[in-house]
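Undergrad: Take this sequence and fold it.
(2 chains)
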Amino acid sequence: MNRNGPIALIFHVLFLGFLLAPILIVCAVAFTSQGYLSLPTEGLSLRWFRAIGDNPEFIRAFKDSLLLGAVSSTLAILVAVPAALAIARHQFFGREAIQALFLSPLMVPHIVLGIAFLRFFTMIGLGGTFVGLVLSHVIIILPFALRLILAASTGMDRAVENAAASLGASSWTCFRRVTLPLILPGVASGWVLAFINSFDEVTMTVFIASPETTTLPVRLFLYIQDNIDPLVAAVSAVLIFLTVAAMLVLDRVYGLERLLVGKGRD
Amino acid sequence: MSMAASTDTQLQATGANPDTHAPPPRRPRRWPWAPYLLSAPGLALFAVLLLVPLVMTFLLSLNSFSFYGGIENVWQLGNYADIIADDYFHEVFLRTFRIAAVVTILCAVFGAPEAYILRRMKSPWRGLCLLIVLGPLLISVVSRTLGWALLFGSTGLVNQGLMALGLIATPIEFMYTETGVIIALTHVLVPFMVLSVWASLQRLDPQVENAALSLGAGPLTVMRRVVLPQIVPGILSGSIIVFALAASAFATPAIIGGRRLKVAATLAYDEFLNTLNWPLGATVAVLLLIANIVIIVGCNRLVERRYKQVFE
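TA: Residues are numbered from 1 along each chain as shown, chains lettered A, B, ... in the order given. This next block holds a predicted model:
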């Protein structure tokens, strides 16, 4: 009973095939030597990967995406750590409401946030700016960071902190030398999950990005709306390779399941 | 959260013994404002950058719009009346929720068994397969949808395959159809269902199944009486997530459905960036937001009340 029968295994293989098919096809199409989309392809070549170099807008968007992800996840962490400590270890009036507010961006469709930010940023003069992108991304990625930091700070042993305090450590020393190192795994994984969510965001960003400041997914999305060619497949393939590499590192270091489910491997 | 709260009270209970733990009840009393100060940066940020823009969007939905005068600062419910009266909008909203419902059912039908199969796998394979199932969550939605556009359209690989297998005689139209959007969205969202069911299976001891078997229950009975009751809450909470995300999905319907097959999100996008009728776009957004919150909060309440004993 605790083994999978043949039907279950066939289902499993088909399921994995379904999940992998679109990802593999993007990679396959990217290696075509043809000037147009074709499968099965005549010959393999790297010409479309070289062609990315002739389209600096993709490279600039990639750099912008990395910078945006790094800056906004760092800001989100700076806001989320004190908030998580407040929620995790204090009983105070409005605690539940504050936690609900910080998690609420998960419930608001990104299309709605895109519309709301477009209107708001246009009015206060931040429309199409990098600052606007950072601020909006901080809002949507904060819940992801907060949840992981909350899990880390509710699970930690308070006795160590009390020991430090009773030995004369100030609140700040106590935080810096005891609390922070103890919740660091949660903080680090929160940063990574926030970065991934910022990097992949497209629905909201498409409203607030401008042609000068845009992210790679938005650039790709707008390009695909006009036409689909091997170039866009090559850019996507590079993105997929990088994500898979990052994923393998992440799985080794932290455990993908722990990051996404919030629990241990076994 | 409830678990965390219980460990906290446990700590306080053991802290009553003065030799082992120094109970810190004085600290919160000395700093009653500490939690508010700690969450102040976040609260300020969310008040200015989340609540204000959302309220402004609601106010915008009350304004009127004309092609010559642009946005007019009047307060009325004309846009809502327009949407309620117009068959075109009915069709779009109906399509949005129909697609979301079908995607949710497909995700449950395929995702739940997959989670169960994954749990019964042995160590090296399980980790690898879990990586393949969860990995797509980290890959950009645009890249994944591009894959489906390639499979459906330009290369037509799906139709070639189906015809080679003799399953269909003439090619099926996937691009710009609901079928295509549903398949691609199921692909994008099914990992969430697997995750949710997987999490609920973690609480099921495999020995319980063995106990049922050794007591003479058939495999079907075990499935129906032991496994299913445990994973139903997982399926339901996964369904809420999938439905909410499918109903507000944008990139996938925009690429696969194109301009011809509109859903609520792509409709709002077009009103905003092409027609420039911002008040109408804001109205669509407000309706989508309300529908989303009602569904998520309402279903969560129902599921939690019905399956209280499973969630504890």
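
Undergrad: CA atoms for contacts and neighbours, from now on please.
TA: Will do.

Undergrad: residues from the stretch 51-200 of chain A in reach of chain B?
TA: Counting by CA under 8 Å from any CA of the partner chain, the stretch 51-200 of chain A comes close to chain B at A:79-80, A:82-87, A:90, A:92, A:98, A:101-102, A:107-113, A:115-117, A:119-120, A:135-136, A:139, A:154-155, A:159, A:162-163, A:196, A:200.

Undergrad: Narrow the residues you listed to those that are buried.
TA: Among these, the ones that count as buried by 16 or more other CA atoms under 10 Å in any protein chain shown are A:79-80, A:82-87, A:98, A:101-102, A:108-113, A:115-117, A:119-120, A:135-136, A:139, A:154-155, A:159, A:162, A:196, A:200.

Undergrad: Pull out the buried positions in stretch B:175-185.
TA: For stretch B:175-185, the neighbour count (16+ other CA under 10 Å) marks B:175-185 as buried.

Undergrad: In strands, which of those residues appear?
TA: Secondary structure from DSSP state E places none of the buried residues of stretch B:175-185 in strands.

Undergrad: Same list as before, those residues that is, but in JSON lines and with distance to chain A included.
TA: Shown next, in JSON lines, are those (distance: CA to the nearest CA, whole Å):
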{"residue": "B:175", "distance to chain A": "13"}
{"residue": "B:176", "distance to chain A": "12"}
{"residue": "B:177", "distance to chain A": "16"}
{"residue": "B:178", "distance to chain A": "18"}
{"residue": "B:179", "distance to chain A": "15"}
{"residue": "B:180", "distance to chain A": "13"}
{"residue": "B:181", "distance to chain A": "14"}
{"residue": "B:182", "distance to chain A": "14"}
{"residue": "B:183", "distance to chain A": "10"}
{"residue": "B:184", "distance to chain A": "9"}
{"residue": "B:185", "distance to chain A": "12"}
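
Undergrad: give the contact list for the closest residue to chain A within the stretch 201-312 of chain B.
TA: Using CA to the nearest CA, the single residue of the stretch 201-312 of chain B nearest to chain A is residue B:285, 5.2 Å away. Applying CA atoms under 8 Å, 6 or more residues apart in numbering or on different chains to residue B:285 gives the contacts A:111-112, A:115, B:264-265, B:268.

Undergrad: measure it to residue A:110 for me?
TA: When distance is defined by CA to CA, to the nearest Å, residue B:285 is 10 Å away from residue A:110.

Undergrad: Do a quick rundown of the helices in the stretch 1-150 of chain A.
TA: In the stretch 1-150 of chain A, the segments counted as helices under DSSP state H, counting those that start in this stretch are A:6-30, A:47-53, A:56-89, A:95-103, A:110-124, A:130-155.

Undergrad: can you tell me which of those helices the model trusts least?
TA: Lowest mean pLDDT within those: helix A:47-53, at a mean of 85.

Undergrad: Residue A:149 is in contact with residue A:81, correct?
TA: Yes - contact criterion CA atoms under 8 Å: residue A:81 and residue A:149 qualify, at 6.7 Å.

Undergrad: Tell me which helix or strand whatever residue of the stretch 51-200 of chain B ends up closest to chain A sits in.
TA: Closest residue of the stretch 51-200 of chain B to chain A, CA to the nearest CA: residue B:147 (4.0 Å). Using DSSP states H and E, the element containing residue B:147 is helix B:141-149.

Undergrad: which residues does the residue of the stretch 51-200 of chain B closest to chain A contact?
TA: Residue B:147 touches A:21-26, counting by CA under 8 Å, 6+ apart.

Undergrad: Now for these, which sits with the most neighbours around it?
TA: Scoring the contacts of residue B:147 on neighbours with other CA atoms under 10 Å in any protein chain shown, the highest-scoring entry is residue A:26 at 28 neighbours.

Undergrad: Does it touch residue A:232 like I think?
TA: No - using CA under 8 Å, residue A:26 is not in contact with residue A:232, being 9.1 Å away.

Undergrad: hmm, back to that, I'd like to know which of the contacts of residue B:285 is nearest to residue B:34.
TA: Using CA to CA, residue A:112 is the member of these that sits closest to residue B:34, with 33.6 Å.

Undergrad: Show me which residues of the stretch 151-300 of chain B sit near chain A.
TA: Going by CA under 8 Å from any CA, the residues of the stretch 151-300 of chain B near chain A are B:151, B:154-155, B:157, B:187, B:195, B:199, B:206, B:209-210, B:219, B:245, B:248, B:250-251, B:254-255, B:258, B:265, B:268-269, B:272, B:282, B:285-286, B:288-289, B:292-293, B:296.

Undergrad: which of those residues are buried?
TA: Among those, those scoring as buried are B:151, B:154-155, B:157, B:187, B:195, B:199, B:209, B:245, B:248, B:250-251, B:254-255, B:258, B:265, B:268-269, B:272, B:282, B:285-286, B:288-289, B:292-293, B:296 (criterion: 16+ other CA under 10 Å).

Undergrad: Which of those residues fall in helices?
TA: When DSSP state H defines the helices, the subset of these inside them is B:157, B:187, B:195, B:199, B:209, B:245, B:251, B:265, B:268-269, B:272, B:282, B:285-286, B:288-289, B:292-293, B:296.

Undergrad: Dead centre of chain B: give me the residue that sits there.
TA: residue B:241 (2.8 Å; CA atoms, centre = their mean).

Undergrad: tell me the phi and psi of that residue?
TA: Main-chain torsions, residue B:241, degrees, to the nearest 10: phi -60, psi -50.

Undergrad: do the strand or helix carrying residue B:96 and chain A meet?
TA: If you go by DSSP H and E, residue B:96 is part of helix B:87-119. Yes - against chain A, helix B:87-119 shows contacts by CA under 8 Å from any CA at B:110, B:114, B:117.

Undergrad: what about the residue nearest to residue A:24 when sequence neighbours are not counted, distance to residue B:63?
TA: Leaving aside its chain neighbours, residue A:24 sits nearest to residue B:147 (7.8 Å; criterion: CA to CA, 6 or more residues apart in numbering or on different chains). Applying CA to CA, the value for residue B:147 to residue B:63 is 40 Å.

Undergrad: for residue B:51, same thing?
TA: Noted for residue B:51: a distance of 19 Å to residue B:63, by CA to CA.

Undergrad: Show the contacting residues for the closest residue to residue B:244 other than its chain neighbours.
TA: Excluding its sequence neighbours, the residue lying closest to residue B:244 (CA to CA, 6+ apart) is residue B:292, at 6.0 Å. Residue B:292 sits next to A:107-109, B:244, B:247 when contact means CA under 8 Å, 6+ apart.

Undergrad: mind listing what's buried in stretch B:157-167?
TA: By neighbour count on 16+ other CA under 10 Å, the buried set for stretch B:157-167 is B:157-160.

Undergrad: can I assume residue B:92 is in contact with residue B:263?
TA: Yes - counting by CA under 8 Å, residue B:92 touches residue B:263, with 5.3 Å between them.

Undergrad: Show me which of the two is the more surrounded one.
TA: Shown here are residue B:92 and residue B:263; by other CA under 10 Å, residue B:263 has more neighbours (27 against 18).

Undergrad: I figured the more buried one was touching residue B:96, is that so?
TA: Yes - contact status for residue B:263 versus residue B:96: in contact at 5.1 Å, counting by CA under 8 Å.

Undergrad: before we move on, the earlier item: what is in contact with residue A:81 and residue A:149 at once?
TA: Residues touching both residue A:81 and residue A:149 (CA under 8 Å, 6+ apart): residue A:187.

Undergrad: okay, these two: which has more neighbours?
TA: residue A:149 (29 against 24).
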